[in-house]
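Colleague: Fold the following, please.
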Amino acid sequence: MTVVQGSDRTVPWGLVHKASVENVFITGVEATGADVYAATARLPLLNRLLNDSPDSPFDLLALTEIIRQAGEVMMHLHFGVGPDTRFIIRSVDLAREPSAPPWHGSPELRVDLRLANVRKRSDGSPRSIAGTADFWHRDRRVATFAGTTQFLDADAYDSMREGARPNSAHPSLTGSRLAPERVGRTHPQDVLVDHLSVTGEDATAELALAVDHPFFFDHEVDHYPGTALLEACRQASVALTARVLGSPPRLVRALAWKTRFTGFGEFSAPVHCSARVLARDGSTVVCMARLTQSDEVIVETEVTCGGPE
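Modeller: Predicted structure coming up:
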């Protein structure tokens, strides 16, 4: 398959494991050197969720989804990874550049990817990768990334997931009843936490995600998507930062997150979210957010938030 770099058309949705064309953002990926790749993306300007923050469309969640999709296209087209291979994200470190300008003009974004460690199996297929990336818009770097991903074929994935799947294909999820403004959102369907409590420098909540969410559940999955887990951590951290700074949550920006995924979020049991303040420097607050399920930590992320100056 040939994908034209910088094309106005996005890649086929199957290359990024999405089922809706409006959730596909990558337009091309090409090799530019040894273990160096350049991806182009169309910023998701019409996506309600990914444009609902003060940093839109350079929102951390949007950039995380773009690097996820870029990595999957790269692995499918340049490493021969099959369509049934499962991509297991293990870490995501993403930070916006402090001097990144507001978006204007072209919706095109360039991502320069550098692979630092490609581990392979005896048959030559990739076992895992680690890499870094820079995001560029109009020749200005807007964010940096580092992360790791593991690859499993269908049989290995099924073996790992045996006994962990719910009896039904999808849970009966109705979403959150929390007011969107409490976590800096505007649409009720985009609120991913419920039963939010903020006291002093700590916050607690429960994961609450509607099964008909057009972004997170646009295709069949057997666990909560990693991007949904990250967004829940961000919302708890934004609410906590807003309380600490005495600022409206809508004015709190998520500037960076350093994330480790240590388990899957299953549909079969509640997922608990907690956040606590690690440090504060003026209007910048660093929170440690965790998601736990059945007393096991499944996600831990250090979220840096910034309020009004």
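Colleague: ok, L77 touching G14?
Modeller: No - counting by C-beta atoms under 8 Å, L77 does not reach G14; the two are 11.9 Å apart. (Each C-beta comes from the backbone N, C-alpha and C, glycine too.)
Colleague: in the least confident helix or strand in the chain by mean pLDDT, what's buried?
Modeller: None of the helices or strands of the chain scores lower by mean pLDDT, DSSP states H and E than helix 154-161, at a mean of 87. Going by neighbour count (16 or more other C-beta atoms under 10 Å), the buried part of helix 154-161 is Y157.
Colleague: Number the residues from 510 up from this point.
Modeller: Fine by me, first position is 510 from now on; the one you just mentioned is helix 663-670.
Colleague: CA atoms of that helix as CSV?
Modeller: Output in CSV follows, covering the C-alpha atoms of helix 663-670 (Å, rounded to 0.1, in the frame of the first residue of the first chain):
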residue,chain,number,x,y,z
ALA,A,663,-3.9,-12.5,18.0
ASP,A,664,-3.2,-15.8,19.8
ALA,A,665,-0.8,-14.3,22.3
TYR,A,666,-3.3,-11.5,23.0
ASP,A,667,-6.2,-13.9,23.5
SER,A,668,-4.1,-16.0,25.8
MET,A,669,-3.1,-12.9,27.9
ARG,A,670,-6.8,-11.8,28.1
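Colleague: how far out from the middle of the chain is it?
Modeller: Relative to its chain's centre, helix 663-670 lies at 23 Å (C-alpha atoms, centre = their mean, to the nearest Å).
Colleague: With stretch 712-723 instead?
Modeller: Counting by C-alpha atoms, centre = their mean, stretch 712-723 is centred 15 Å from the centre of its parent chain.
Colleague: Start and end of it, how far apart?
Modeller: 27 Å (C-alpha to C-alpha, to the nearest Å).
Colleague: if you average pLDDT over that stretch, what comes out?
Modeller: The pLDDT scores in stretch 712-723 average 92.
Colleague: same thing with stretch 619-628?
Modeller: 96.
Colleague: again with stretch 640-651
Modeller: Taken as a whole, stretch 640-651 has an average pLDDT of 94.
Colleague: Which residue ranges of the stretch 710-818 of the chain form helices?
Modeller: Using DSSP state H, counting those that start in this stretch, the helices of the stretch 710-818 of the chain run over 735-754.
Colleague: mind listing the strands for it?
Modeller: Along the stretch 710-818 of the chain, counting by DSSP state E, counting those that start in this stretch, strands occupy 711-716, 762-770, 781-790, 793-802, 805-815.
Colleague: Could you name the helices and strands sitting against the third one?
Modeller: For strand 781-790, the contact count by 3 or more C-beta pairs under 8 Å, 6 or more residues apart in numbering; DSSP states H and E identifies strand 711-716, helix 735-754, strand 793-802 as packing neighbours.
Colleague: what angle do that strand and helix 735-754 make?
Modeller: With axes from the mean of the first three to the mean of the last three C-alpha atoms, to 10 degrees applied, the angle from strand 781-790 to helix 735-754 works out at 50 degrees.
Colleague: circling back: out of L586 and G523, which sits in the more crowded spot?
Modeller: Set side by side, L586 and G523 show more neighbours around L586, with 19 against 13, by other C-beta atoms under 10 Å.
Colleague: Thanks a lot, catch you later.
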